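>>> Following is a predicted model, sequence given first.
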Amino acid sequence: MRRLLFFLLPLLILSACYYPAEESTLYAVNDNFLVSVDSVSLQKQEPFHNMPIDTLSDSIVLYYNDPIVVAQIMVIPEDSIDSVWVKVARDQFSQGWTHQSTFLNSVVPDDPISEFIFLFSQRHLWYFLGMVFAVGVLVVWRQAKRWRFYMIFVRDISSFYPTLLTLTLSSSAILYASIQRLIPDTWVLYYYHPTLNPFDLPLILGLFIASIWLLIVLIIATIDEVFSLLPIPEALLYLFSLLGVCVACYLVFSLAVLGWVGYLLYVVLAIAFVWRYVRCFRARCVCGRCGAKMHAKGRCTRCKTINV
């Protein structure tokens, strides 16, 4: 465990040094944003030293999902609230000023990657999904014993793709939580200037983006493998159980890293998952009729032929 931390910490430190995270580098004139709050008020008049904002007679209100563009940036060192003012425009007639702090807390970059990150970072959404899938997986697990259909880690299929998908998702969750905990400024800068090219990023961010690409490939491979090994109804139930386990792994590892226990937990579970697959679910036989992989002799899951 100590060696693992000694290996990770230098990577995180080097990654943090790659991007100097200052608010002045987060955006520039002509950058496009979307309003992410219910409403935000803009001051029509150009600001000056400690000028009060008359929200009743001299303001413009922008609403959720309004597209805006940064028109001008002004620095007023004497301002006691925020020295940086930002002028934004929704259209030719709807333009106004606001403090940079208010601006950054009220918008999301008009980029599909940034919008996905903003939605993905809503913790309450993941807590709700976690509870829903936990209940669903519990129901499926109870019925799996009665109906004898396939479920990940309980009555698994003869494919390593689901296990590899779970481990990769857990690795991504650990990387994501580590970046937010140890180098949050680097993640903020990536949020405002996103890219899907892992080679244009610091090492730890590049590894995270590479794991996302690997997840996409594994999801496609896993779905194809499950439907090739199981009938459609059983395949759908199996994929539902796999989805529930993946959501649970994301929540557990993204939260466990906050106390440093997540790294040790990941190593233990990774060894347990691989050992269980090799010991219990690895294909040792093939069907004599259709060639499907099988754990042992018996009824084929694809063509239902009994192999002896």
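That came through fine.
>>> Packing partners of the helix or strand where residue 186 lies?
Element membership for residue 186 (DSSP states H and E) is helix 184-192. Applying 3 or more CB pairs under 8 Å, 6 or more residues apart in numbering; DSSP states H and E, we find helix 184-192 packed against helix 2-18, helix 112-120, helix 161-182, helix 203-229. Bear in mind the C-beta positions are built from the backbone N, C-alpha and C, glycine included.
>>> Quickly, which of the ones you listed bottoms out on average pLDDT?
Of all the helices and strands packed on helix 184-192, the segment with the smallest mean pLDDT is helix 2-18, scoring a mean of 42.
>>> Following the chain onward from that one, which element is next?
Assignment by DSSP H and E places the next element after helix 2-18 at strand 32-35.
>>> List the strands paired with that following strand, with their directions.
Within its sheet, strand 32-35 is paired with strand 67-75 (antiparallel), strand 107-109 (antiparallel), according to DSSP bridges.
>>> mind checking which of the helices and strands packed on helix 184-192 is nearest residue 68?
Closest to residue 68 of these, according to CB to CB: helix 112-120, at 14.2 Å.
>>> returning to what we had before: so which of the helices and strands packed on helix 184-192 is the most surrounded?
Comparing these by mean neighbour count (mean count of other CB atoms under 10 Å), helix 161-182 ranks first with a mean of 20.
>>> Give me the domain ranges for this protein.
Domain assignment of the chain by automatic domain parsing yields the ranges 37-105, 113-307.
>>> picking that back up, distance to residue 83 added to the helices and strands packed on helix 184-192, as JSON lines?
Shown next, in JSON lines, are these (distance: least, CB to CB, whole Å):
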{"stretch": "helix 2-18", "distance to residue 83": "25"}
{"stretch": "helix 112-120", "distance to residue 83": "26"}
{"stretch": "helix 161-182", "distance to residue 83": "27"}
{"stretch": "helix 203-229", "distance to residue 83": "30"}
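>>> isn't there a strand covering residue 157?
No - the assignment for residue 157 (DSSP: H, G, I helix; E, B strand; the rest coil) gives coil, which keeps it out of a strand.
>>> Quick check: it touching residue 228?
No - look at residue 157 against residue 228 with CB atoms under 8 Å: they stay out of range, at 9.8 Å.
>>> how much space is there between residue 64 and residue 87?
According to CB to CB, to the nearest Å, residue 64 and residue 87 sit 20 Å apart.
>>> the more surrounded of the two?
A count of neighbours by other CB atoms under 10 Å puts residue 87 above the other of residue 64 and residue 87, at 20 against 12.
>>> Which residue, other than its chain neighbours, is closest to that one?
Leaving aside its sequence neighbours, residue 87 sits nearest to residue 72 (CB to CB, 6 or more residues apart in numbering; 4.0 Å).
>>> State the number of residues packed around that neighbour.
Residue 72 has 13 nearby residues by other CB under 10 Å.
>>> Now do the same contact list for it.
Going by CB atoms under 8 Å, 6 or more residues apart in numbering, residue 72 touches 29, 86-87.
>>> Residues in a beta bridge with residue 62, which ones?
Going by DSSP bridges, residue 62 is paired in beta bridges with residue 40.
>>> Pull up the per-residue confidence for it.
Residue 62 is given a pLDDT of 91.
>>> Any figure for the gap between the residue nearest to residue 87 and residue 225?
Look at residue 72 and residue 225: by CB to CB, they are 55 Å apart.
>>> One more: residue 243?
15 Å.
>>> just to revisit the earlier point, dump the strands paired with strand 32-35 to JSON lines, plus distance to residue 94.
Shown next, in JSON lines, are these (distance: least, CB to CB, whole Å):
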{"stretch": "strand 67-75", "distance to residue 94": "9"}
{"stretch": "strand 107-109", "distance to residue 94": "15"}
